[in-house]
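# From the sequence below, what's the structure:
(2 chains)
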Amino acid sequence: MIMILMIKKTIYLLLISLMSLFVSACNNSNEDNHPGVVEALTPEFGDTFIEASIGDASTLLPVLASDSASSSINSMIYNGLVRYDKDLQIEGELAQSWDISDDNLTITFYLKKGVTWHDGTPFTSADVEFNYRLYIDPKTPTSYAESFKQVTGVEAPDPYTFIVHYDKPYAPALISWAMSIHPKHLLSGVDITKSPLARKPVGTGPYKFVEWVGGEKIVLESNPDYFEGQPHIKRVVYRIIPDISTQFLELQTGSLDFMGLSPLQFDRQTDTSAFKRLYNKYRYLSFGYTYLGYNLNRPLFQDKRVRQALSYAINKQELIDGVLLGYGSVATGPYKPDTWVYNSAVPKYSYNPEKARLLLAEAGWRDTDDNGILDKDGKELSFTIVTNQGNDLRSKTGEIIQRRFKEVGVAVKLRIIEWATFLKEFINPGNFDATILAWTGGPEPDQFNIWHSSKTGPRELNFIGFKNREVDNLLEEGRRVFDLQQRKVYYDRLQEILAEEQPYTFLYVGEALPAVSKRFRGVEAAPAGIRYNFNQWFVPQAEQKYSR
Amino acid sequence: MLSYIAKRLLLLVPLLLGITLISFVVIHLAPGEPTDLQTQLNPQASSELQERLRSQYGLDQPLYIQYGRWLSRLIQLDFGESFATDRRPVLDKVLERLPVTILLNLLSIILILTVSVPLGILSAIQRNSGFDRTTTVLVFTGFAMPSFWLALLLMDWFGVRLGLLPISGLKSLGYEYLSWGGQLLDRISHLVLPVFVSAIGGLAGFSRYMRSNMLEVIRQDYILTARAKGLSERTVIYKHALRNALLPVITILGLSVPGLIGGSVIFETIFAIPGMGKLFYDGVMMRDYPLIMGILVMGAVLTLLGNLLADICYALADPRIRQNQRGGGSS
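Below you'll find the model as predicted:
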């Protein structure tokens, strides 16, 4: 039973769900792989790439999909107008180029010519216009409408030009057009929730849909007419293997070509010569961080000194070593340490129990009855940390924090609750003291939904109730400016305030630890991860394993 | 007999209604709604979306109206559409998973019967012998072994180390291109471990059951009579004793009818077999009410029918029961 419950639910914790799978970034540390000499091989076509997913996809219509299995398959079948390149810069995908007007209110996209849908129909600006209406249609049950609601009007003056108008400058606007574009000729006038395309998709992307055997596998085949050229790997097979241990056994027999390893597997279980002969391992920082969030509506946490003290009482490096076996970095704020927006000049709250005790004493918490727990006005300093069941890393993190807190005289209980109950009974009604959770993000630094005081309502993301007038202003201004240098000024200040206020104790950023079969060449880690150039991966003829 | 069956069938209707009502209320008592899980902590989903989904699913109605709607669809044999994002008909989702589940369970029952019946009889005849003691120890070890652990061990041993059997799934990748014999072999090799692991628990229980049944029968007077008549030990055991000892097997088989469509989440997850257990488990985690209710109803109907069937077969096989049933039903 325990094994099954380990299947994770982080998939709902998408911060900026846009392409979240493909934008995990990277610090280029590439472990014991890659022969010193670079092979000079010409890419060859053929072979099959097999990977496993713990869950079956839910729908292959990207507008409806919100789970990671569906998203990763959809990203190979569909395209957006733009995308992130290997260095996380925005580049054109279906758009050849674009102009942003001087007032930052209008974007004109010039679309690529000669692009066709998988059924041969040409792709035009009418498709893009249809998609805008599809995403904002109240009848479409999509989670991706928000950024398109900022749009005040669209025009498609000719088949290859598409113009979008905004009434206020909106910095995340450009990348919001990375959203997958669906075919108008197959969906127009159809109830999107009943469309057969959900199980038999038609896109413009590098791979075409072949078959979906429910609960078993999904098969894709390279698109010979892809506008960026046919991908080298002929077939991609997603096998649904719900158990991580089984996936790992399959990997050891060579039946899988790709798997994201756990720190334990990466560190201790893949050091065999047999494994090294078959796979290259990679490691890079992933987007997203784990935090301990304090419910600021509780009187206990309204004193900033208490929150700061708790941050000093936690040894973050110890968490990384104990929970992630060292495969991670200390988090000091909501941004990943190797991105342009990261501010390294903020206080880091390195482990300092003395300072924690001092701050707590300053806030009036003293151990008057000598029982090892601090008290004030006859009340002991104790609270409960809640987290969701099924995430082993979080419960372990909680246990380690619990011990450290005890050392400075804070009594903490840990409660681990099934996900649906956790949301319904604890997070939604604000019925918790502190919680360990994680946000998964992307390169776009806008965090309006998490920190703005208008987002503290029920079922909104600022569920800890953080309200700060200056932060509100910074978030509003930050999304109105397009120039990165100018934007950084706002987000640097945001990080300073968050560091001072410690509404969360930012704990750690984990690393992605993929293993890729050595057959595949052209795999290269970049800030965007390793999958950004999947279409260029290839297997030399002599090593190809699957002929069909 | 016919009127007895008709009466029993009629009694099933209120029973089934009661089961659906209780199930419906209980699953709605579980905290969290499907819409919460689809929209929560997703920065892009607004609360409008949540409301829209709730009204699309009819969750904004009072519970008794939801139940009424569900029931009136059920009467027309419409199990409704899943609340998962794919919104496929529940029946489609179940039918997709049913064949493999039934196949696995049938094979496993056959394996259990063919091994445990002789095992139980031999242990009973040679009671307290070395053979009896050894099987007792082995059988209890098998019974106590967590199936996921055994499964992983066997996968590691036969799949990784020896490379004899595939680890998971139902078919190999190039299945479509294999010859007819190759396809059969491929399917069998994929089924060996799952069938063995799913049978091991039942094997233990059933062989113990068989053993005690046999011991019970051997002590009866008519066995003494048979022996006194001078019949050979062989005839006594295999003709007189065995037939009576096998009677309870009917009950067990009847009870295992619902088990045919039920699956185990644990081994389906480990062996990556898309079966009913995993479907149901995922449904519960997602609070996919129509799917949960659909599977529960099918399970309930089969349980009730299985019971009825067992009673009928029992009556056919055992004249003593036939006599007693003149007056009323048995449970």
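
# buried set for stretch A:537-548?
Neighbour counts using 16 or more other Cβ atoms under 10 Å in any protein chain shown place A:Trp537, A:Phe538, A:Val539, A:Pro540, A:Gln544 of stretch A:537-548 among the buried residues. C-beta here means a position set from N, CA and C on the backbone, and glycine is covered the same way.

# can you check stretch A:257-264 too?
A:Asp257, A:Phe258, A:Met259, A:Gly260, A:Leu261, A:Ser262, A:Pro263.

# wait, A:Thr505 sits on A:Tyr291?
Yes. The pair A:Thr505 / A:Tyr291 is scored as a contact, 6.5 Å apart, by Cβ atoms under 8 Å.

# Around residue 185, how many other residues sit close by?
Reading this off chain A. 15 (other Cβ atoms under 10 Å in any protein chain shown).

# I was after chain B.
Look at B:Leu185: counted by other Cβ under 10 Å, it has 13 neighbours.

# Tell me if it really is in a helix.
Yes. With DSSP: H, G, I helix; E, B strand; the rest coil as the criterion, B:Leu185 is part of a helix.

# Chain A versus that one, what's the distance?
17 Å (Cβ to the nearest Cβ, to the nearest Å).

# in what helix or strand does A:Val63 lie?
Of the helices and strands defined by DSSP states H and E, none includes A:Val63.

# Identify the residue nearest the residue positioned nearest the centre of chain B in space, chain neighbours excluded?
Closest to where the C-alpha atoms of chain B average out (Cα atoms, centre = their mean) is B:Gly259, at 1.6 Å. Using Cβ to Cβ, 6 or more residues apart in numbering or on different chains and skipping residues adjacent in sequence, the residue nearest B:Gly259 is B:Asn105, 6.1 Å away.

# what do you get for A:Ser97?
Using Cβ to Cβ, 6+ apart, the nearest residue to A:Ser97 is A:Tyr110, at 5.1 Å.

# and that neighbour, backbone torsions?
With angles defined as degrees, to the nearest 10, A:Tyr110 sits at phi -110, psi 110.

# List the beta-bridge partners for it.
A:Ser97, A:Thr161 (DSSP bridges).

# dump the residue contacts of it.
A:Ala95, A:Gln96, A:Ser97, A:Trp98, A:Tyr160, A:Thr161 (Cβ atoms under 8 Å, 6 or more residues apart in numbering or on different chains).

# Would you reformat those as a markdown table and include distance to B:Thr141 and neighbour count?
As requested, those are exported to a markdown table (distance: Cβ to Cβ, whole Å; neighbours: other Cβ atoms under 10 Å in any protein chain shown):
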| residue | distance to B:Thr141 | neighbour count |
| --- | --- | --- |
| A:Ala95 | 65 | 23 |
| A:Gln96 | 69 | 14 |
| A:Ser97 | 70 | 11 |
| A:Trp98 | 69 | 19 |
| A:Tyr160 | 72 | 17 |
| A:Thr161 | 74 | 15 |
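
# Run through the helices of the stretch 51-200 of chain B in chain order.
B:63-75, B:90-125, B:130-144, B:147-154, B:180-218 (DSSP state H, counting those that start in this stretch).

# continuing past the longest one, what's the next helix or strand?
Read it as helix B:180-218. helix B:221-228.

# roughly how far is that next one from the heart of the chain?
When C-alpha coordinates are averaged (Cα atoms, centre = their mean, to the nearest Å), helix B:221-228 and its chain have centres 39 Å apart.

# Now that helix: buried residues?
Within helix B:221-228, the residues that count as buried by 16+ other Cβ under 10 Å are B:Ile223, B:Ala226.

# How about stretch B:2-15?
B:Tyr4, B:Arg8, B:Leu12.

# Chain A versus the last one, what's the distance?
In this structure, B:Leu12 and chain A are separated by 31 Å, where distance is defined by Cβ to the nearest Cβ.

# same check, this time on the first one
Summarising the geometry, the distance separating B:Tyr4 from chain A, computed by Cβ to the nearest Cβ, is 42 Å.

# With the second one instead?
Using Cβ to the nearest Cβ, one obtains 36 Å as the distance from B:Arg8 to chain A.
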